[in-house]
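*Asks:* This is a predicted model, with the sequence first.
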Amino acid sequence: MVAGTATAVSNRVSRRQAGRWAAQDEQAFAQQQQQYAAPPAPAAAPAAAPAAAPAMVDDMSSKIDKLKELGALREQGILTDAEFEQQKSRVLGT
């Protein structure tokens, strides 16, 4: 009878342990699935930033060139100070 009780207890412990291991395996599998299924959002954001930078630089250099031309026209006497200020405001968008 002692042997039968020991066997029953041993089997019960084994089943419980197997159930715990199965639950841990399922959890690990679910975490792996979530990790691989999630889209890499941070990788997409930096790619858009460099595309905007050259346009901004081109726009700024274009404005600087226009302001230099206006300054030269004012120095030559072709534009008055008022006309220069008006055109400068238009170029700068203010």
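*Replies:* Yep, that arrived.

*Asks:* Okay, domains of the chain per the record?
*Replies:* In terms of domains, the chain is parsed into 1-38, 42-94 (source: automatic domain parsing).

*Asks:* Return the distance of the shortest one from the chain's centre.
*Replies:* What that stands for is domain 1-38. Using Cα atoms, centre = their mean, to the nearest Å, the mean C-alpha position of domain 1-38 is found 40 Å from that of the whole chain.

*Asks:* Quick check, Lys88 in contact with Lys68.
*Replies:* No - using Cβ atoms under 8 Å, Lys88 makes no contact with Lys68, being 11.2 Å away. Every residue, glycine included, has its C-beta placed from N, CA and C.

*Asks:* Looking at those two, which is more packed in?
*Replies:* Lys88 (17 against 10; other Cβ atoms under 10 Å).

*Asks:* Where does the more buried one fall, secondary structure wise?
*Replies:* Following DSSP states H and E, one finds Lys88 within helix 81-92.

*Asks:* what mean pLDDT would you report for that helix?
*Replies:* The pLDDT scores in helix 81-92 average 91.

*Asks:* ok, residues contacting it?
*Replies:* Contacts to helix 81-92, defined as Cβ atoms under 8 Å, 6 or more residues apart in numbering, come from residues Lys63, Lys66, Leu67, Leu70, Gly71, Leu73, Arg74, Leu79.

*Asks:* Could I have the CA atoms of that helix written out in CSV?
*Replies:* The C-alpha trace of helix 81-92 is given here as CSV (Å, rounded to 0.1, in the frame of the first residue of the first chain):
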residue,chain,number,x,y,z
ASP,A,81,15.1,101.7,-49.1
ALA,A,82,11.3,101.4,-48.9
GLU,A,83,11.2,99.1,-52.0
PHE,A,84,14.1,97.0,-50.6
GLU,A,85,12.2,96.6,-47.3
GLN,A,86,9.0,95.6,-49.1
GLN,A,87,10.8,93.1,-51.3
LYS,A,88,12.7,91.7,-48.4
SER,A,89,9.5,91.1,-46.4
ARG,A,90,8.0,89.3,-49.4
VAL,A,91,11.1,87.0,-49.7
LEU,A,92,11.1,86.2,-46.0
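
*Asks:* Check which residues of it are buried.
*Replies:* Buried residues in helix 81-92, counted by 16 or more other Cβ atoms under 10 Å: Phe84, Gln87, Lys88.
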